[in-house]
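Undergrad: this is a predicted model, with the sequence first.
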Amino acid sequence: MSFSSEHQAAMKQQGRKGRCLHFENGVRCNKIILAHSIQKQGQLSLIAESGHVYRLSADLSALKTSGGKPQLRKVGLNRASTFPGMCGQHDNELFSPIDNSPLTGSREQVALYAYRSICREFFVKENASITLNKMVGSPGLDWSQQQLLRSAAWGQTVGFQRLKRHKGIYDECLAAKDFSGFKFVIFESGSKFSFQTSGLIFPDYDFLGRQLQDLGPQTKELDLLTFFTAPTIEGWAFVFAWHESSAKSCSWFIQSLAELVRTGAKAEDALLRFGLVCCENHAIRISWWDGLSSALKKQAMDAMVLMADPTVGVEPDYLVSGCEGLADWSFDGVRDVT
């Protein structure tokens, strides 16, 4: 088995080890389920066609046929965006306000969407950290592979510890049912939508290419920004959300988007570009993607894989431009609760 094959096999094995990430996990959590990080009945159903969507795939067999480049793959709704990170009881109880009702803009709903994003990323990063640290001592690795693994393991561990701090903040707020510290901006639309996402970032540069925070190892505490799409009564919304403990960087980030739009840029282009670049947890309408020109598909794929290689640096202006004309939807209004 090759090094890359061994790594992917180990990641898959670790990813099957389910556990409940609810803030009150314990002995009651005896039935782990495949929880949807992008809501099945709400978000995914808005764009599904014949029960399927496209999602980004980095499966080894797919990479071999595409020359090493990730590709979109058609998947059923039951498999899209799932992870074994909740028990059935906690998932049903905790997320009922968003799974059974459209987004109205309450702080509780926004906090729950954000928490779901955090739990999914927590699960992924913890798995990556465990897997890579185990593989560092694997026999048969040459010096360059060992160095690459050590570097990757260290990076994943640092990222996981940073995220663990924020999950603790959210855990405390949700356990106390105190949603007063959550801030958010909602971009609302009544038009047809073809892209769903849910994720988070430690914002490094804003929409004008200005640095917000240094992601280097010397920075022990970083501000965290979550984002997601959600169904509303009138259509759907793209939401940025954060806890007040991360207000400094997140507020500047949102302000830069407003500044970018004032220069004549379209918010639809900027948010799609952001979603493609900053998150691999996507679901895409099949007919929309199939109807794009080859040039537009290339722009979108280039954006989706921009951060896939950790050895390649990302330019500060990665959110300033790109993917113009891809979005065929429009926003009708913005609600700012900051």
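TA: Nice, I can see it. Predicted, not measured: the structure shown is a model, and the values here were computed from it.

Undergrad: show me where the protein has its strands.
TA: 32-36, 52-57, 71-76, 82-87, 182-189, 195-201, 225-231, 236-243, 282-284, 333-337 (DSSP state E).

Undergrad: right, and those strands - which one's nearest Q161?
TA: strand 195-201 (15.0 Å; CB to CB). No exception for glycine: its C-beta is placed from N, CA and C like everyone else's.

Undergrad: chain center to the closest one: distance?
TA: Using CA atoms, centre = their mean, to the nearest Å, the mean C-alpha position of strand 195-201 is found 4 Å from that of the whole chain.

Undergrad: run the angle between it and strand 32-36 for me.
TA: Counting by axes from the mean of the first three to the mean of the last three CA atoms, to 10 degrees, strand 195-201 lies at 110 degrees to strand 32-36.

Undergrad: and Q43, which of the strands of the chain is closest to it?
TA: strand 195-201 (4.6 Å).

Undergrad: elements contacting that closest one?
TA: Here strand 195-201 touches helix 45-47, helix 107-135, strand 225-231, helix 267-278, strand 282-284, going by 3 or more CB pairs under 8 Å, 6 or more residues apart in numbering; DSSP states H and E.

Undergrad: JSON lines please, covering these and showing distance to L174.
TA: As requested, these are exported to JSON lines (distance: least, CB to CB, whole Å):
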{"stretch": "helix 45-47", "distance to L174": "26"}
{"stretch": "helix 107-135", "distance to L174": "6"}
{"stretch": "strand 225-231", "distance to L174": "13"}
{"stretch": "helix 267-278", "distance to L174": "24"}
{"stretch": "strand 282-284", "distance to L174": "25"}
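
Undergrad: and Y318, which of those is closest to it?
TA: helix 267-278 (6.2 Å).

Undergrad: which elements pack onto the closest one?
TA: strand 195-201, strand 225-231, helix 247-262, helix 294-304.

Undergrad: right, and these - which one's nearest L215?
TA: Of the helices and strands packed on helix 267-278, nearest to L215 by CB to CB is strand 195-201, at 9.8 Å.

Undergrad: parallel or antiparallel, which strands does that closest one pair with?
TA: Applying DSSP bridges, strand 195-201 is found paired with strand 225-231 (antiparallel), strand 282-284 (antiparallel).

Undergrad: now mean pLDDT too, for these, in CSV please.
TA: Below are these laid out as CSV (pLDDT from 0 to 100):
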stretch, mean pLDDT
strand 225-231, 96
strand 282-284, 93
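
Undergrad: what about those strands, which gets the closest to A175?
TA: Taking the strands paired with strand 195-201 one by one with CB to CB, strand 225-231 is closest: 18.2 Å.

Undergrad: the closest one vs helix 247-262, what angle?
TA: 60 degrees.

Undergrad: for strand 225-231, buried residues please.
TA: L225, T226, F227, F228, T229, A230, P231 (16 or more other CB atoms under 10 Å).

Undergrad: just those now: which is nearest I286?
TA: Using CB to CB, the buried residues of strand 225-231 come closest to I286 at T229, 16.9 Å.

Undergrad: contact partners for the residue nearest to that closest one when sequence neighbours are not counted?
TA: Leaving aside its chain neighbours, T229 sits nearest to Q196 (4.8 Å; criterion: CB to CB, 6 or more residues apart in numbering). Neighbour list for Q196: I38, Q43, L44, L46, I47, V53, T229, H282, A283, I284 [criterion: CB atoms under 8 Å, 6 or more residues apart in numbering].

Undergrad: mind redoing it with 10 Å?
TA: 38-39, 42-48, 53, 55, 80-81, 228-231, 236, 238, 275, 281-285 (CB atoms under 10 Å, 6 or more residues apart in numbering).

Undergrad: to D290, which of the helices and strands packed on strand 195-201 lies closest?
TA: Going by CB to CB, the one of the helices and strands packed on strand 195-201 nearest D290 is strand 282-284, 10.0 Å.

Undergrad: to the chain's geometric centre, what's the distance from the closest one?
TA: Worked out by CA atoms, centre = their mean, strand 282-284 lies 11 Å from the chain centre.

Undergrad: contacts for that strand, please.
TA: With CB under 10 Å, 6+ apart as the test, strand 282-284 has contacts from 36, 38, 40, 43-44, 46-48, 52-56, 72, 74-75, 77, 80-81, 194-199, 229, 275-276, 290, 300, 304.

Undergrad: among the residues you listed, name the buried ones.
TA: Buried among these (16+ other CB under 10 Å): 36, 38, 40, 43-44, 46-48, 52-56, 72, 75, 77, 80-81, 194-199, 229, 275-276, 300, 304.

Undergrad: averaging pLDDT per element, find the lowest-scoring helix or strand in this structure.
TA: helix 60-65 (a mean of 48; mean pLDDT, DSSP states H and E).
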